[in-house]
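missing the sequence, but the structure's below:
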Ligand code: SF4
Ligand code: SF4
């Protein structure tokens, strides 16, 4: 069982990133205060690289399906393949939904497809949880379960490494001198850490979320026509769209053309947000969701009713980014709790 599991020291890992930077764009997580963010690997900033901690501020989609992308040509000659290291389980699970939208069915999106196939994903266990994390309630875990090529689980000053795909195995084979075989004690220690962080998340879910997670699927439609309830949920929303933009599973986009006075210049795809007033507006000005509560309800319907019925999974990975991002203090866990448990006790701002 341990034959395909390795260890690598921090120094060797950073040496490996340095070598790979010659042929790839290598993106790693940096720690700043209590937050983490992705940026290009810079050996001069090694001290602030953190391959542990919790999920980063940017969702993974930022790199595979960027917020603004030119649409005239899918070919970007000379661009290097990308390696993103430090991707958490909640971001990797979001690919299930993004892949469904952009790769499956009658049309494969060539831009997304290029970003997806040209990116190697190095997953990473969380070493603690934030109070807003609830991945376990969404059938996830604080460690990658799938969609990673290789995974790093931080121990004290080294990592347990597991390859999942041919890309991951080939990376290890090509740089075998950096890796050592993992021992049974390494694997047990990794499991101990995973159990510890999972227990922490379950504790957070019990405190702020609904305990009846099996009923989430029916909760939106059960309350769909209770307008007053949805108006209450939406009462502090300022329509900023931050919940949509921060979300790793939200995928809606808008096309717009840049023009000079006379001529078309370039077509772009930009992220859209279903909370925006104009999101569903059609030609002639009609708007099927002109009320804010309808737009908020639509978001919950898509995530917790439409996608579970269509694909049998939630369009939410429990990353908690929307909770952190919302200036209206709208907590998705509290909304779900209100819907499932049949009561809405909005907590005071804290
Ligand atoms: S809905 Fe919120 S918690 Fe769920 S995946 Fe999106 S940002 Fe994360
Ligand atoms: S982040 Fe909050 S305030 Fe902004 S659109 Fe979403 S629910 Fe509304």
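Okay, I see it. Fair warning: this is a prediction, and the values are worked out from it, not measured in the lab. Ligands and ions are numbered 1, 2, ... in the order given.

in the stretch 251-350 of the chain, which spans are strands?
Using DSSP state E, counting those that start in this stretch, the strands of the stretch 251-350 of the chain run over 253-259, 264-271.

try the chain
Ranges of strands in the chain, per DSSP state E, are 5-9, 25-32, 35-40, 68-70, 82-87, 119-124, 150-154, 158-163, 180-181, 253-259, 264-271.

follow-up on the earlier one: nearest to ligand 2, out of the strands of the stretch 251-350 of the chain?
Set against ligand 2 and scored by C-beta to the nearest ligand atom, the strands of the stretch 251-350 of the chain come closest in strand 264-271, at 13.1 Å. Every C-beta, even on glycine, is put in place using the N, C-alpha and C of the backbone.

contacts for the closest one, please.
67-72, 111, 244-245, 250, 252-259 (C-beta atoms under 8 Å, 6 or more residues apart in numbering).

run a quick neighbour tally on residue 214.
Counted with other C-beta atoms under 10 Å, residues neighbouring residue 214 total 9.

with residue 334 instead?
When neighbours are counted by other C-beta under 10 Å, residue 334 comes out with 19.

that one and residue 157: what is the separation?
39 Å (C-beta to C-beta, to the nearest Å).

now residue 53
Plainly put, residue 53 is 15 Å away from residue 157 if you go by C-beta to C-beta.

any idea of the mean pLDDT in the longest helix seen in the chain?
When the chain is parsed with DSSP state H, its longest helix is helix 184-208. The average pLDDT within helix 184-208 is 96.

next: stretch 64-79.
80.

spit out the contact partners of whatever residue of the stretch 151-300 of the chain ends up closest to ligand 1.
Using C-beta to the nearest ligand atom, the closest approach of the stretch 151-300 of the chain to ligand 1 is made by residue 247 at 3.2 Å. Contact analysis of residue 247 by C-beta under 8 Å, 6+ apart lists 59, 316, 319, 321-322.

again, 6 Å this time
Taking C-beta atoms under 6 Å, 6 or more residues apart in numbering, we find residue 247 in contact with residue 322.

and it, how far from residue 39?
21 Å.

repeat for residue 219
39 Å.

ok, residue 170 - contacts?
Contacts of residue 170 by C-beta under 6 Å, 6+ apart: none found.

can you check the pLDDT for it?
96.

quick check: it vs residue 114, distance?
The gap separating residue 170 from residue 114 is 20 Å, by C-beta to C-beta.

all set, thanks.
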